[in-house]
Each structure stands twice: as structure tokens, then as C-alpha cells.
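Novice: Sequence below, structure please.
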Amino acid sequence: MINEVITSFFDERKEIWLKKSLKPSLSDEEILKVHEACTEIFSLEIWLPNAAKRAGQISMSTHPCTFSHPSARKNKNGYVTSIISEAEHRDDGFLRSGNVMVQKDALGNAAALDVHKFLSLKMPDGKQLIEHIKNDTDLSKALLRIKTKSYEALRDGFLEMIVSSKESITSSKIKQVYFPVDDDYHQLSLLSNSGMMYHLRKRLDEIRFSDKVKELREKRRKNEFSEEGYAEIYNLTTIAYGGTKPQNISVLNSQNGGKAQLLYSMPPVLNDRTTRFPKHDFFHESIRLWNLSDTFKALHNIYKVPNYSNVTMRDARKYHYERLVEKIIEQMWAVRLVADEQYYEKTSRLKSHQKIWLCPEYEARRDEGDEWLDKVTKEISLWIIHSYKKQLGKSAIDINGKEELIDIEKIVEKYKEALR
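Specialist: Coordinates of the predicted model:
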């Protein structure tokens, strides 16, 4: 007994055939003969052997070569071997063959496309008819056991559509590049997975042109309220295959009018980061000493004066120390501004008091006490002395570090609230 899916297929084929064959000028007797001929042509005893004979003219493929070049299928060596990818599913995060279930494509004689459609019919169990024939199921046996041809002959004929040639034949028109690796190779130019390509188009069409979306767009145009929204996909590019004869490329290409959609895939535009959130230490990573070289040189010139402790020199030193502290405060705010975007708790190696000082998530703790702030001011004072020595190198004056540190700490103390 034939199921409804197969019956519907033959009813559709009969309707198309009758539409072409019936003419207004035909008599009733001639019309009757046309209907009888139609019934005979599409009877299982006649149509199945004919279809099995033509099945070899169509080759199923997951990666048709004709997308690379329309004339790539046949050359002096014969027909290019059809590729049917049987890649395994892996949770590797890649959109690739094996990780997505899409329809197989087919290419070959356009006159045999009805055979492909027949073998691609989805049965009640969700499997295609060709899979039932391949697996020799009860459904396959019930369908192909007819009087005019043996079951084995019909089965072998239909399986020609999915059986690849034992010898591998390629074409220079595919422009494939093989990179030798020991006794094997890597394929550097891939064939198009047309099933995936046109499944993408199907999804895009549903997102953009479904009845639901059209209704929501109309509401938006009329400025009417809706609890639901819809998505827009911008910067799509349409690519055409096959020109005026998309059927010469593949079945799926023909069904989609030879047009596929490409998603926008330009690399992101990256902005230079003028400020980077420190990972280990603010003073080593966020302050660039070469930006402060003039200030340290000015301090160096003051230190060289024999009696640099007089009032004039003290005021000059104080001025330059203040400029350094103000530069630190300026950089502190720059770092705080990028903290939300760049700070990652798991990878950060900042000291706890610097986290309180710089990270917005610790902002509430800044007013709870001054212990963390005292550590920051101490680090600023030490940083000024160490940075002077580092910037001037061997030329640095051996100043009285302890006394100078006390003077610097007094100046930094005045900026305590600005540092909070």
C-alpha cells in the first residue's frame, strides 16, 4: 500500500502532465485517451523502471562542484566525483558539515529532477525515501515490488543517485589547491556546502518576510502598539549562481532562483586603546615615564643645586611634585573610565587596595576607611623617588631618600581626597 506522501507526488505529476497535454480543441474521446495515457505513464509498473533508469543522471552531493564553475562537472576524464560529506557531530562550536542537519543537494540532467524530488520525499518517519531504499526497509520493498521489473534492479537503479564513483575525478575548473602534508594533503580551497547556504537563506527569509513580520512592520508603519517586536538584518549581499539557467548548477540552486544570501562578514573595526586597565600594578602599567621626562629632568636640575633646600628651591620642588601627583590623579580617572569595559576579576592580579581605588564595583568601600588610601599615598611617594632614579639612570643625584620621602608624603597628603 502506497502512503499519502507518494500518492500526492504522483497526483501532482499527473496534474502537470495533463495541463500540458490537454488542449481545448480535443474531443471527449481524445480527452479520455489522454487521461488513460496519463494513468498508464504514471503507474508504478511504467514510471518506476523509467525513473530508476534516469536516476543515474542525477548525483546527490553536499558540496556540488558546479558552484565553483558551471562547467566543472564534466571533463575529458569523465564526471567529477560527487562529494557527500558524512562528517561527525562534535561540540566544537563550529558551523560546519556534521554539526548542522541540512538537505542534500543534487546536480545533473535537469530532465531527471522529478526523480530527485521523488527520492527526496520525506516519509512519515521523517526519513527520505532514498534512505528507505538504501536501508532495504519494508516501505521500500512494498513500493518497488512490481511485475515489470525486479526489486533488486529498481533498487540498484535508484541508488545510482547516491553512489559515488570508485575512482576520484576532479576538474581544474574547481581551482582546488592541495597542500602536501607528509603522505597526505590539506585542502585549501573548499567547495560550497549548498545545503547550508540555502538553509541560511530560508531562515533569513523567515526572519524578514514571514506573515508575522509583515504584520508587525505594517503596525510600525501605522504607528500602532505591539507587544512583540521583529528583527532586521542589515548589510546582506545577494550572490547569483548560474545566470539565466540556475538549474545547470544544482537542484537547490534552481529551487531558490539561483540566488543566495551572504551575511555581512567584514572584520570588526578596532579602536586603539589609549588607556589600558592595569592587570598587576597601576604605577608600572598605567603611567608612562617618558611623558613625565621633562618634570623629572626639572627635578634633577634642582637636586644638582648645592643648597637646594632654600625656600626658592623648596617651592620649585613642591611645584614639580604636585605636577606628578596631579598627573597620577588624571590617569586614575582615565583608568576608572575604562574599568567597566576592561576589568576582569578572574584575571586581575591587582593588589586589593588598588582594586578599591580603581574599580567601580569597590566604589562603596572607598568611604569606609582610609587604610587602603594610606597604602596608595605611600606608593605614590615611593613611586616618585624610584621613577626619578629610573628616568635619570646613572645621572641621578643620590638624594637623602628618607627626608625627601617625608616631604613628598606631606605634599601627597594634601591630595588625599582627590585620590579617593
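Novice: Give me the secondary structure label for the residue nearest the centre of the chain.
Specialist: The residue lying closest to the centre of the chain (C-alpha atoms, centre = their mean) is residue 95, at 7.3 Å. Following DSSP: H, G, I helix; E, B strand; the rest coil, residue 95 is assigned to coil.
Novice: Kindly report the same for residue 59.
Specialist: strand.
Novice: tally of neighbours for it?
Specialist: 27 (other C-beta atoms under 10 Å). (Glycine included, C-beta is placed from N, CA and C.)
Novice: contacting residues for it?
Specialist: For residue 59, the contacting residues are 79, 82, 106-108, 161-162, 164, by C-beta atoms under 8 Å, 6 or more residues apart in numbering.
Novice: Could you rerun that using 6 Å?
Specialist: Residue 59 makes contact with 82, 107-108 under the criterion C-beta atoms under 6 Å, 6 or more residues apart in numbering.
Novice: Mark which of these are buried, thanks.
Specialist: 82, 107-108 (16 or more other C-beta atoms under 10 Å).
Novice: What is the nearest of those residues to residue 70?
Specialist: Of all the buried ones among the contacts of residue 59, residue 107 has the smallest distance to residue 70: 10.3 Å, by C-beta to C-beta.
Novice: distance of that closest one from residue 399?
Specialist: Distance, residue 107 to residue 399, using C-beta to C-beta, to the nearest Å: 84 Å.
Novice: swap in residue 146?
Specialist: Residue 146 is 107 Å from residue 399, by C-beta to C-beta.
Novice: same deal with residue 391?
Specialist: 14 Å.
Novice: Residues in contact with stretch 196-208: which ones?
Specialist: 102, 231, 252, 256, 260-261.
Novice: Out of those residues, the closest to residue 187 would be?
Specialist: When the contacts of stretch 196-208 are compared for distance to residue 187 (C-beta to C-beta), residue 102 wins out at 20.3 Å.
Novice: Please name the nearest non-neighbouring residue to that closest one.
Specialist: residue 195 (3.7 Å; C-beta to C-beta, 6 or more residues apart in numbering).
Novice: Please report how far the one you found lies from residue 120.
Specialist: 12 Å.
Novice: which of these two has more neighbours?
Specialist: residue 195 (22 against 17).
Novice: Now whichever helix or strand the more buried one is part of: buried residues?
Specialist: Assessed by DSSP states H and E, residue 195 sits inside helix 194-209. Within helix 194-209, the residues scored as buried using 16+ other C-beta under 10 Å are 194-201, 208.
Novice: So for that helix, mean pLDDT?
Specialist: Average pLDDT, helix 194-209: 93.
Novice: All set now, cheers.
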